[in-house]
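Chemist: any chance you could fold what I've pasted below:
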Amino acid sequence: MKSGRVVYLNGNYVDEIDAKISIYDSALMFGDMVFEMTRSFNQEQFLLRKHLERMYNGLKILHIPIKQSIDEMEQICFQTIEMNKSHFNDTDEHRLLINVSRGPLGIYAPIFDNKLEPTVVVADFPLKWTVAGMDALIDEGINAVVTSQRAIPAHMMEPKIKNRSRLFYQMANIEASFFKGKNNWALLLDDQGFVAEGSGDNIFFVKDGVVFTPEARNILVGISRNYIFEVCNQLGIKCVEKNFGTYEAITADESFMTATPFCLLPVTRFNHIKLGNGKMGQITKKIHDQWSKNVGLDIFEQIRKFSKECATLNKNQPTPYVFNSSEDN
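Modeler: Numbers count the residues shown, from 1 in each chain. Below you'll find the model as predicted:
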């Protein structure tokens, strides 16, 4: 069934269900694709330019010869949203998916009349698909579980390039799915045993009123992660980067994870060990409230609303943060 939404694909707008890339694309062969996923607040894109700047840095490092300038890409994003507006209701939020690959590999050039170019895709779908079911985490919190799967260190592959070669994230998710209990989200250590990142999210801890987060060296530096520094500055809360191990994590007063779709969610347990009083911490709540004030809506309440609207969505289905195993947990 066609949704009516359209997707930008290499200069054309095609129906969402018909937007396809070649089986010979470098993205399929190598995971050779840079991407971004954004969100809106009150249907206005949030930090879109920051997302695009990160993407274009990745394209530069990977030598993907994209023709569109960053300004042109920004306009493509806005045009895609405009063309899809009639298929969103007044309270929906727009979640952009921006993919750029090297395109079909050279050995397959004869199939394409020797005209090879990068594959550029911009899709627009409802944010509520991603956050549906996260309402329980607002009250119960995430249990961050350390997996044996480590983060890929920068000396092996630069993690600041947001790319589609993410099997190590998925391996961590699969492992986390076998932990007993609920609300288990994977947390990866780096090759030196320091806390690094989640499988698509960044982590923060609070100790004695100071917010701290892993150094940027071996992580994907999230747009939301960086925005936390701005919000903490607004609140007069000290926010620092530092290396820390599992002991510092377990003995923290509170914790939260950040990512674009949900902004931030409380972490109330670390390897099933309760953090603080086992509930959302005061500083986490202050940061949420300030962020909500900045964007003109209550972020947690919106997640609750979307979760009610999509009560059956993401049930027993893998998400970017949780992989459901075939065995009972």
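
Chemist: drop to CA atoms for contacts and neighbour counts, all remaining ones
Modeler: Will do.

Chemist: helices of the stretch 51-200 of the chain, residue ranges please.
Modeler: In the stretch 51-200 of the chain, helices defined by DSSP state H, counting those that start in this stretch lie at 70-84, 128-131, 135-140, 167-176, listed in chain order.

Chemist: adding distance to residue 214 and mean neighbour count, write these out as CSV.
Modeler: CSV is the format used below for those (distance: least, CA to CA, whole Å; neighbours: other CA atoms under 10 Å):
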stretch, distance to residue 214, mean neighbour count
helix 70-84, 29, 16
helix 128-131, 25, 20
helix 135-140, 22, 17
helix 167-176, 17, 21
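
Chemist: redo the ones you listed as JSON lines? Include distance to residue 150 and mean pLDDT.
Modeler: Compiled in JSON lines, the helices of the stretch 51-200 of the chain are given as follows (distance: least, CA to CA, whole Å; pLDDT from 0 to 100):
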{"stretch": "helix 70-84", "distance to residue 150": "33", "mean pLDDT": "98"}
{"stretch": "helix 128-131", "distance to residue 150": "25", "mean pLDDT": "96"}
{"stretch": "helix 135-140", "distance to residue 150": "25", "mean pLDDT": "96"}
{"stretch": "helix 167-176", "distance to residue 150": "8", "mean pLDDT": "96"}
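
Chemist: now residue 271. Nearest residue, chain neighbours left out?
Modeler: Distances taken as CA to CA, 6 or more residues apart in numbering place residue 145 nearest to residue 271, at 4.7 Å, with adjacent residues excluded.

Chemist: that neighbour and residue 186 touch, don't they?
Modeler: Yes: if you go by CA atoms under 8 Å, residue 145 and residue 186 touch, sitting 5.2 Å apart.

Chemist: ok, and what's touching stretch 76-91?
Modeler: Counting contacts by CA atoms under 8 Å, 6 or more residues apart in numbering, the residues outside stretch 76-91 that touch it are 3-8, 42, 94, 96, 122-124, 126.

Chemist: of the residues you listed, buried ones?
Modeler: 5-8, 94, 96, 122-124, 126 (16 or more other CA atoms under 10 Å).
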